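**Q** Sequence first, predicted model second:
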Amino acid sequence: MKLKQVKYLIYALGGACILMVALLGLTNSQVFLWLTLVLAVAAVAVSLVWWRCPYCGEHLGRDVGEYCSHCGRRLDQNDLV
Ligand SMILES: [Zn+2]
């Protein structure tokens, strides 16, 4: 999976998670509590598995610049933006 796709997937899961929290607040239904937990775990899992440098395989962390902070290689901008 490309970094761009991973980034959007994490954003989508995070956004869905926020939506579930809002629905939980409105309805007080336990269904949304479980959906929130599942989405949060999925977002973390996607990040841990795929949000990695394509060269050294290290986790990229929150702030991704032009270069990998672990191996220093330039990350493909087409893969990032
Ligand atoms: Zn690297």
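**A** Ah, there it is.
**Q** Low-confidence stretches in the protein?
**A** Counting by pLDDT under 70, the chain contains low-confidence residues at 77-81.
**Q** Grab the longest helix from it for me.
**A** With DSSP state H setting the assignment, residue counts place helix 3-27 as the longest helix in the chain.
**Q** Who are the packing partners of that helix?
**A** Taking 3 or more C-beta pairs under 8 Å, 6 or more residues apart in numbering; DSSP states H and E as contact, the helices and strands that helix 3-27 lies on are helix 30-50, helix 77-80. Glycine gets a C-beta too; all of them are placed from N, C-alpha and C.
**Q** how far does that helix sit from the chain's center?
**A** 10 Å (C-alpha atoms, centre = their mean, to the nearest Å).
**Q** That helix: which residues count as buried?
**A** Neighbour counts using 16 or more other C-beta atoms under 10 Å place 3, 6-7, 9-10, 13, 16-17, 20-21, 23-24 of helix 3-27 among the buried residues.
**Q** cool, and stretch 47-57?
**A** Residues of stretch 47-57 classed as buried by neighbour count (16+ other C-beta under 10 Å): 47, 50-53.
**Q** cool, and stretch 65-81?
**A** For stretch 65-81, by 16+ other C-beta under 10 Å, it's 68, 75.
**Q** Can you list the neighbours in contact with that stretch?
**A** 2-4, 7, 53-56, 58, 60-61, 64 (C-beta atoms under 8 Å, 6 or more residues apart in numbering).
**Q** Please name the residues that touch Arg52.
**A** Neighbouring residues of Arg52 by C-beta under 8 Å, 6+ apart: 58-60.
**Q** quick one: which of the residues you listed sit in helices?
**A** Per DSSP H, these never map to helices.
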